[in-house]
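Participant: Build me a structure from this.
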Amino acid sequence: MGDATTATTAASTANYPVNSTMAKAITTGLRASMERDPKVILMGEDIGKLGGVFRVTEGLQKDFGEDRVVDTPLAEAGIMGTAVGLALRGYRPVVEIQFDGFVYPAFDHIVSTIAKMRARSLGHVELPIVVRIPFGGGIGAVEHHSESNEAYFAHTAGLRVVVCSNPHDAHWMIQQAIECRDPVIFYEPKRRYWDKGEIGPAPSRGLFEAATVRPGTDVTVLAYGPMVRTTLQAAQAAEEEGTSLEVIDLRSLSPLDMDVILESVRRTGRCIVVHEASTFLGLGAELAAQIQEKCFYSLEAPVLRVGGYNVPYPQSRIEEDFLPDLDRVLDAVDRLMAH
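Facilitator: Next up, the predicted model:
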């Protein structure tokens, strides 16, 4: 597997910090990578003239041309197959899947070819492809537009899977992903695209390292993507009740930064994992298993999971009943503390 890389800091840090939405933070990150490396090519449906349905690639075709920002047909399998060919020829394709539920026609290319090429070639052939996937609910969309399918890809050996949760990480993580020698599935929480935050100078943190975004002493809360903001809100509410939550943004789902996670759980003795996807065979199940195996004698209570239900994603008018929220996280905290 390729090394966890840190984005080149050739661009002057004099322009930082800046305030940005997450969507624009990804835009500027893509722009920086394209300016730095002429082999970076963007591909996707409506990403050129329109700038993508979420306007993440807005202005890039105008500045870099149609040969580097390519409007593709509505054919995910064709897009991904083309990306494989480009990567074999030395390019670094960045593919946008318009919505999470649209990735399935490309699934075979991703898991059968992209994930396995390095092992199949005994390390001689690399496919440095980034697959950008807006994921998750909370925007009132129709079927196949609000799914959380990260467990499929995290389960697939040969893929790296990362998730940004704020503008700063979005800006730098997309650049790190593009520089990675391995294929990277890059999840973007669409309900957070319009959240604003500060982008600071290039971080020393690697692409596959977790971040403790709020220190605490009583309960470790693990989250990623859209649920990081929810768990931070829960931590603030719990503090008013006298309970201290330590919130860890996983950032990387494959590989998992277990060193940071285990150190925290051994201190607090309690852990909750929060994600939008169904808890059945989700990331929470893997985390709970590893924590139980490695922190058994430090645990004061069972590891709890807060997530979606094991049903197809519901109609938009009832999606708020499906998605984890502040009350469900706090209920899990209360159950842990009462154990």
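
Participant: could you pull out the helices for the stretch 101-250 of the chain?
Facilitator: For the stretch 101-250 of the chain, helices defined by DSSP state H, counting those that start in this stretch occupy the ranges 107-108, 117-120, 150-154, 167-179, 227-240.

Participant: From residue 26, how far off is residue 50?
Facilitator: Distance of residue 50 to residue 26, computed by C-beta to C-beta, to the nearest Å: 16 Å. Bear in mind the C-beta positions are built from the backbone N, C-alpha and C, glycine included.

Participant: quick revisit: minimum distance to residue 132: which of the helices of the stretch 101-250 of the chain has it?
Facilitator: Closest of those to residue 132 is helix 167-179, at 7.7 Å (criterion: C-beta to C-beta).

Participant: Figure out how far the lowest-mean-pLDDT helix or strand in the chain is from the centre of its chain.
Facilitator: Lowest by mean pLDDT, DSSP states H and E among the helices and strands of the chain is helix 319-322, with a mean of 92. Relative to the chain's own centre, helix 319-322 is displaced by 21 Å; criterion: C-alpha atoms, centre = their mean, to the nearest Å.

Participant: contacting residues around it?
Facilitator: Helix 319-322 is contacted by residues 137-138, 140, 146, 308-309, 311, 313-314 when judged by C-beta atoms under 8 Å, 6 or more residues apart in numbering.

Participant: got it, and stretch 295-314?
Facilitator: 137, 143, 146-148, 262, 265-266, 269-280, 282, 284-285, 287-288, 291-292, 319, 321-324, 328-329, 332, 335-336, 339.

Participant: Comparing residue 50 and residue 26, which residue is more hemmed in?
Facilitator: Neighbour count, other C-beta atoms under 10 Å: between residue 50 and residue 26, residue 26 has more, with 27 against 13.

Participant: I'd assumed that one was in a strand, is it?
Facilitator: No. Assessed with DSSP: H, G, I helix; E, B strand; the rest coil, residue 26 is helix; it does not lie in a strand.

Participant: doesn't residue 170 make contact with it?
Facilitator: Yes. Residue 26 is in contact with residue 170 according to C-beta atoms under 8 Å; the separation is 4.9 Å.

Participant: now the stretch 51-200 of the chain, which segments are flagged as low pLDDT?
Facilitator: Scanning the stretch 51-200 of the chain for pLDDT under 70 picks out no residues.

Participant: Which parts of it are strands?
Facilitator: Ranges of strands in the stretch 51-200 of the chain, per DSSP state E, counting those that start in this stretch, are 69-71, 92-96, 130-135, 160-163, 184-189, 196-199.

Participant: Any idea which of those strands gets closest to residue 211?
Facilitator: Nearest of these to residue 211, taken as C-beta to C-beta: strand 160-163 at 11.7 Å.

Participant: Beta-bridge partners for residue 132, please?
Facilitator: Residue 132 has these beta-bridge partners by DSSP bridges: residue 96, residue 186.

Participant: just checking, what packs against the biggest strand by length in the chain?
Facilitator: Counting by DSSP state E, the longest strand found in the chain is strand 271-278. Taking 3 or more C-beta pairs under 8 Å, 6 or more residues apart in numbering; DSSP states H and E as contact, the helices and strands that strand 271-278 lies on are strand 219-223, helix 227-240, helix 283-295, strand 304-308, helix 326-338.
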